[in-house]
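Q: Take a look and give me a structure for this.
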Amino acid sequence: MKSKMQLGLYQFSQLNQEWLTFTKQLGIEKAVIANPKLPGEGHWEFIDLLRLRTTIEDAGLMVGSIENVPISFYDKIMLGLPERDEQIENMAITIRNMGRAGIKILGYHWMPNGVWRTSWTTPTRGGASVTSFDYDLVQNAPLSHGKVFTEAEMWEYYEYYMEAILPVAEEANVKLALHPDDPPVESLAGIPRLFRSFEGFKRGMEIGNSPMHGLNFCVGSWSEMGPDVLDAIQYFGQQSRIFYVHFRDVQGTVPKFSESFVNEGNCDMLQVMKTLKNVGFDGFMIPDHVPHIIDDTEWEHRGRAYTIGYMTAFLELLNLVA
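A: Residues are numbered from 1 along each chain as shown. I've put the predicted structure just below:
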């Protein structure tokens, strides 16, 4: 059976005609907007979300997801601070407005102090540069939020939020797609990282047990964790919990790793895509992080085109042997 998987590409912050044209030229179907710059101090309005969707559709593409609201929209929620109930109300407004605007997936993470890297210029094949992480360099980093939080506290805050927001997502028909912690270490700068392991994700998905709650399955972040990538795809894919995929890889695992070309990481990425197909995944895959190669742009157009070429070939091969 021919795979229903699709390819996507993401843009940061704001749409522009160059990116829309580039995306179409690569044969991409789905557009993902990461951290969109939309009006609103604590939530997004319906008309702005609708305009985002129609701009994408007018260019001949389809909206895959919005990936990440500003951390300022839910930082108090993640840290259990007094203003969290107000932020939950605002998140509910955003999710309802996404549903009204026909945007069906919201990617999110649970990292109050964000993604960490210790180098953005690590050399890889042929002098291309990638990001990398070495825990030894940051194990004594100052506290990012003024205190050391416990893992029990962070789970309590997460459960409080999900129990409040999942009924809203179900009502609005908007899927919430959880990204792994990156890097998936136990704690950074006083903040425990809950989604650093298979067990953490199992626990997270059991909260509320909603069909609207699943994964933005970042192959690279799972590869950073260790050898469980294919097992995790099978486990969560069979439950229809994988909503979309970040198709990237790394060399090495925590506590030290570097990003890589898609064909030089820890994983057999063709086997990754084959496993996704075998569990019935019918969503979309985006390249996510890519190496910065010679004469590339700030957004790595060349690196992304290279990765999309691999992904296109893999998908066509899997369809040939269906």
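Q: Is Cys156 in contact with Ile77, as I believe?
A: For the record, residue 156 is Glu, not Cys. No - using CB atoms under 8 Å, Glu156 and Ile77 do not qualify as a contacting pair, with a distance of 11.7 Å. The C-beta positions use only the backbone N, C-alpha and C, and glycine is treated the same way.
Q: Can you check my assumption that Val32 lies in a strand?
A: Yes - the assignment for Val32 (DSSP: H, G, I helix; E, B strand; the rest coil) places it in a strand.
Q: and it, what does it touch?
A: Contacts for Val32 (CB atoms under 8 Å, 6 or more residues apart in numbering) come out as Gly8, Leu9, Tyr10, Gln11, Gly64, Ser65, Ile66, Glu67, Gly107, Tyr244, Ile286.
Q: try it again with 6 Å
A: Gly8, Tyr10, Gly64, Ser65, Glu67, Ile286 (CB atoms under 6 Å, 6 or more residues apart in numbering).
Q: Tell me what the fourth one is bridged to.
A: This means Ser65. When bridges are taken as DSSP bridges, the partners of Ser65 come out as Val32.
Q: from the contacts of Val32, which has minimum pLDDT?
A: Of all those, the model is least confident about Tyr10, whose pLDDT is 90.
Q: In this structure that residue contacts Ala34, no?
A: Yes - Tyr10 is in contact with Ala34 according to CB atoms under 6 Å; the separation is 5.0 Å.
Q: which of these two has more neighbours?
A: Of the pair Tyr10 and Ala34, Tyr10 is the one with more neighbours under other CB atoms under 10 Å, namely 23 against 15.
Q: is it true that that one lies in a strand?
A: Yes - counting by three-state DSSP, one finds Tyr10 located in a strand.
Q: Look up how far Ala305 lies from the closest residue to it other than its chain neighbours.
A: Using CB to CB, 6 or more residues apart in numbering and skipping the chain neighbours, the partner closest in space to Tyr10 is Val32 (3.8 Å). From Val32 across to Ala305, the span is 16 Å (CB to CB, to the nearest Å).
Q: Poorly predicted segments of the protein, please.
A: Judged against pLDDT under 70, the low-scoring parts of the chain cover residues 1, 322.
Q: Counting neighbours, which bits of the one helix or strand Ala152 maps to end up buried?
A: According to DSSP states H and E, Ala152 maps onto helix 151-172. Going by neighbour count (16 or more other CB atoms under 10 Å), the buried part of helix 151-172 is 154-155, 157-158, 160-162, 164-166, 168-170, 172.
Q: and which of those residues is nearest to Leu20?
A: Sorting those by distance to Leu20 puts Ala172 at the head of the list, at 26.6 Å, by CB to CB.
Q: The helix or strand containing Ala177 pairs with which strands, parallel or anti?
A: Taking DSSP H and E as the definition, Ala177 sits inside strand 175-178. Using DSSP bridges, the strands paired with strand 175-178 are strand 105-108 (parallel), strand 213-218 (parallel).
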